Structures are given as structure tokens and as C-alpha cells.
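Engineer: give me a 3D structure for the following:
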Amino acid sequence: MTAQGLIVSAPRSGSGKTTVTLGLLAALVRKGVKVRAAKSGPDYIDPAFHAAATGAKGANLDTWAMPPSLIEALIADTVRDAEILVIEGAMGLFDGVPGEPGRSGAAADLAARFGLPVLLVLDVSGQSQSAAAVAAGFANYNPAVRIGGVVLNRLGSDRHRALIADALKALGIPVLGAIPRDETLILPERHLGLVQASEHADLATRIGRFADVMERHLDLDAIAAMAAPLVASRGQTHTMLAPPGQRIALASDEAFTFVYAHLLDGWRRAGAEIVPFSPLRDEAPPQDCDACWLPGGYPELHAGRLAAAQRFLEGLGHFAQRHRVHGECGGYMVLGQSIEDAQGVRHTMASLLGHSTSFAKRRLHLGYRHARLLADNPLGAAGELVRGHEYHHASITSMGEGDERLVDVTDAQGRPVAETGSRRGRVSGTFFHAIARDD
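Structural biologist: Numbers count the residues shown, from 1 in each chain. Presented below is the predicted three-dimensional model:
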């Protein structure tokens with residue numbers, strides 16, 4: 001089966017593209033379409049919503065952090081037995097980082113590389129014909145990126161729609177949907193994005209409402225017809241991160257959720273077994289595993305429970321005496337001496353590394369990371385290069401003593417980044433999330 005593909009994007013964040021994407025996915029499923037979803041860029045949260053809407057696991061596709069061969073392999077895996085792949089962009093369509101052409105991290109890279117049309121979601125609140133000028137700018141900005149149609153979101157009235165539609169008609173840009181202003185068409189957010197899918201008791205109801213709205217206000221048949229053939233082969237995947245062990249204890253609960261599906265899939269494909277455990281439920285990593293991985297998430301929201309989880313903390317310390325332990329972002333925070341929560345209360349953590357962190361002293365850390373490993377560790381061998389992404393608000397208040405640097409790290413423009421991770425014995429951690437080895 002040859003799948004078709006399209007990209008849902010917008011001029012900027014906050015335009016409503018996630019709501020449109022989820023409603024579109026669920027509405028297509030209702031029509032009996034075998035639809036799959038992917039997220040452009042480094043986002044751990046949205047793919048879980050996509051999975052809830054489609055009933056199938058999706059993927060992240062990141063043109064900066066992943067080489068083209070890996071992206072092709074992930075697409076090929078995602079669309080196996082699918083009819084349509086819907087890729088949701090991050091931020092604005094052309095938003096990425098300067099550098100190598102086609103590897104900016106922007107959704108536009110995927111549109112150009114695979115010839116996928118873009119369904120552009122325009123928040124038209126507070127404007128009328130000017131929305132057509134915005135669409136025209138996007139349509140003409142890059143000849144390799146085709147705007148297949150637009151969805152007018154947050155319309156005020158039928159007259160409002162007619163003004164914009166007439167202006168777009170003169171430009172030859174079809175309007176494939178027009179959604180009235182509705183303050184209930186939202187998902188709650190917190191400091192790292194949407195409140196996670198697993199935390200919504202009414203998620204199926206919410207997505208069902210989104211589907212109802214899209215069925216009424218989108219031309220689903222025209223959008224499906226807009227999709228273009230998607231040609232991707234499952235080629236080389238040598239840039240996948242190698243599994244850190246044969247049996248990997250994976251922290252997995254409300255505090256530890258930020259792990260990429262392609263990472264776990266790659267480990268399983270390489271023959272590793274993933275063994276989940278829950279620190280919040282005071283479970284220790286199983287001692288018959290040979291590596292432990294603490295993903296990112298929201299430990300700052302659960303610091304009190306983690307500090308009180310003595311079986312987890314003692315078991316993790318015992319595990320680290322014999323096996324490798326690695327933490328990313330929130331997992332790295334838990335490996336340190338303490339976490340200061342938003343109220344300024346200090347909570348003692350595993351103390352396997354020397355640093356302390358604070359969520360009360362907040363500062364945004366955001367961007368791509370390019371790291372050279374300074375020693376053998378769960379990310380790879382000394383000297384290897386790894387690409388990843390950092391996004392958090394915590395600050396390191398003390399590095400303590402006795403730890404060595406784990407990586408030399410720069411941002412996407414090659415500028416040094418101060419936070420280089422830590423290692424001590426068999427324990428290591430970084431604030432950035434590794435996505436793939438450099439090609």
C-alpha cells in the first residue's frame with residue numbers, strides 16, 4: 001500500500017493546529033480511513049495525543065537531529081498498512097535553525113523533501129483580508145513548499161469568512177475549512193506544553209468533540225484528496241542510539257514520561273528488553289536488569305513523593321553499584337542531591353551525582369544540542385557525536401564536587417553550552433535529550 005501524506009502547520013504557535021490535527025485525525029478514523037500521525041520536531045507530548053486520536057503509535061520526525069536516512073526509515077515504519085500520514089508541524093511552518101539546507105528542524109523541510117502539501121491553519125481573529133496576505137506570503141516564500149489549502153480558525157461570523165475567502169480566491173488558495181471562534185476548543189497547558197494525554201480522564205470525549213467540529217467545518221474529502229503520494233524506504237538506521245544494556249529498567253510514570261518512541265523501538269529492534277518501573281509508586285529498578293534509564297518529565301511537580309520513595313532511592317543506589325544508570329533532564333535532576341520545587345522547598349534526591357537543581361529559580365533553557373561524548377556511557381562510546389534537544393525551566397544551583405563532565409556540547413550554531421552533564425562511576429546524566437547519533 002502506498003500511503004498519502006500531508007502536513008498541518010501554521011504561521012506561528014497558538015494558531016490552533018493541534019486541535020485541528022486531533023479533530024482531523026479522529027474524523028478520518030470515523031470515515032474508516034487508515035490514518036497515522038507524526039510530529040515534526042522534538043516534542044514528547046503531542047504524539048501521545050495523536051495515538052489517542054488514531055489508535056496507533058506515531059513518530060517524531062526531526063530534520064535537524066535526525067539524518068535523512070533515519071527519517072525515511074521512521075516514516076516507512078509509521079505508514080506501514082496506512083492510507084494517510086498526517087504530520088503536525090511545530091511552531092511556525094518555516095521556523096527552524098540556520099545551517100545546512102533541509103536540516104533546519106522546520107516542518108517546511110519535510111514538505112520540501114517529500115513533496116507533501118501543507119494545510120495551513122490561520123488564526124484569523126482580529127483580521128480579515130490581511131489573512132490572505134499572510135497565506136500569500138507563505139505560498140510564495142519557498143517554491144519547494146506547496147500550500148495545498150488553508151483552514152480559517154477562530155472566525156467571528158459568516159461575513160468574516162466571506163471577506164477572507166474572497167481575498168484567498170483571487171490568489172488561487174482554496175479554503176478547506178472555516179472554524180467559528182469557540183473557547184472550548186482548547187487543551188490545558190503547563191510550562192512544558194500541553195498537559196499530558198495520560199492525565200486527561202476525559203480525553204476520548206475531548207477528541208470526540210474536536211472530531212465533531214471538524215466534521216462540520218472542514219472539507220474532509222478535499223483534505224484527503226489534497227494529500228500526495230509518500231515515498232519513503234526503510235534504509236540505514238545506524239544513527240539510532242544503541243541500547244545501553246540487554247535488559248533496560250525504564251522509569252515510567254507521571255514524573256518520567258519524556259522518551260522518544262523511536263528510541264525505545266530501536267532498542268527493541270536491537271534485541272534489548274524494556275522493563276518499566278514506577279519511582280512514584282516507590283518501585284526500585286529491577287536488579288536483574290543491566291542498565292537503568294531515567295527519562296525526562298515532571299519530577300519538580302512530584303518532588304515530595306520522590307523524596308519519600310525510599311525503596312526507589314535506595315534501590316537505585318544499590319543498582320548503580322553494579323550497573324549503568326543514566327538520566328535525561330528530569331531524570332538528571334533526580335540523580336542529583338536535591339530539587340527545589342516551585343514553592344522553594346528543598347527535596348533530597350538520589351545523591352548519585354553532585355549537582356542540585358531548582359524549579360523556584362526558573363530560567364528557560366531551549367534549543368538543539370550537539371554533543372561529543374567525553375567517556376564511554378549509555379549514550380555511546382567516547383568521541384562519538386550525538387544530536388539532541390533541551391527544553392526545561394530548572395536551574396542548576398550547585399554542581400557540588402567529585403563529578404566529571406559527560407560531554408562537550410554546543411547549540412545548533414556551534415556556540416558552547418555551559419551545562420555539560422555529569423558522570424560519576426557508573427552514573428551519568430544530561431539536561432539534553434538524545435535523539436540520534438550524528439551521521
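Engineer: ok, D265 - contacts?
Structural biologist: With contacts defined as CB atoms under 8 Å, 6 or more residues apart in numbering, D265 is in contact with D77. The way it works is simple: take the backbone N, C-alpha and C, and place the C-beta from them, glycine included.
Engineer: okay, it: pLDDT?
Structural biologist: The score at D265 is 94. That number is its pLDDT.
Engineer: is it in a helix, a strand, or coil?
Structural biologist: helix (DSSP: H, G, I helix; E, B strand; the rest coil).
Engineer: in three-state terms, label A76 for me.
Structural biologist: Bear in mind the rule, three-state DSSP; under it A76 is helix.
Engineer: and it, what is it in contact with?
Structural biologist: If you count contacts by CB under 8 Å, 6+ apart, A76 has them with A232, S233, R234.
Engineer: confidence score at it?
Structural biologist: Confidence at A76, expressed as pLDDT, is 92.
Engineer: contacting residues around the nearest residue in space to it that is not next to it in sequence?
Structural biologist: In space, A76 comes closest to R234 once its chain neighbours are excluded; the distance is 4.0 Å by CB to CB, 6 or more residues apart in numbering. With CB under 8 Å, 6+ apart as the criterion, the residues that contact R234 are E72, A73, A76, D77.
Engineer: how about T18?
Structural biologist: Counting by CB under 8 Å, 6+ apart, T18 makes contact with D46, F49, E88, L187, L194.
Engineer: can you pick out the most distant pair from those residues?
Structural biologist: Of all pairs drawn from these, the one with the longest distance (CB to CB) is E88 and L187, at 13.0 Å.
Engineer: and the two? which has more neighbours close in?
Structural biologist: Using other CB atoms under 10 Å, the more surrounded residue of E88 and L187 is E88, with 28 against 19.
Engineer: from D46, how far out is that one?
Structural biologist: Applying CB to CB, to the nearest Å, the value for E88 to D46 is 6 Å.
Engineer: so for those two, which residues contact both of them?
Structural biologist: Contact with both E88 and D46 is made by residues T18, K39, according to CB under 8 Å, 6+ apart.
Engineer: quick one: the helices in the stretch 101-250 of the chain, in order.
Structural biologist: Taking DSSP state H, counting those that start in this stretch as the criterion, the stretch 101-250 of the chain carries its helices at 107-114, 130-141, 158-171, 203-217, 220-226.
Engineer: show me what the mean pLDDT comes to for the shortest one.
Structural biologist: The predicted model gives helix 220-226 an average pLDDT of 97.
Engineer: flag the helix or strand of this structure with the lowest per-element mean pLDDT.
Structural biologist: Confidence across the helices and strands of the chain bottoms out at strand 189-190, with a mean of 62, counting by mean pLDDT, DSSP states H and E.
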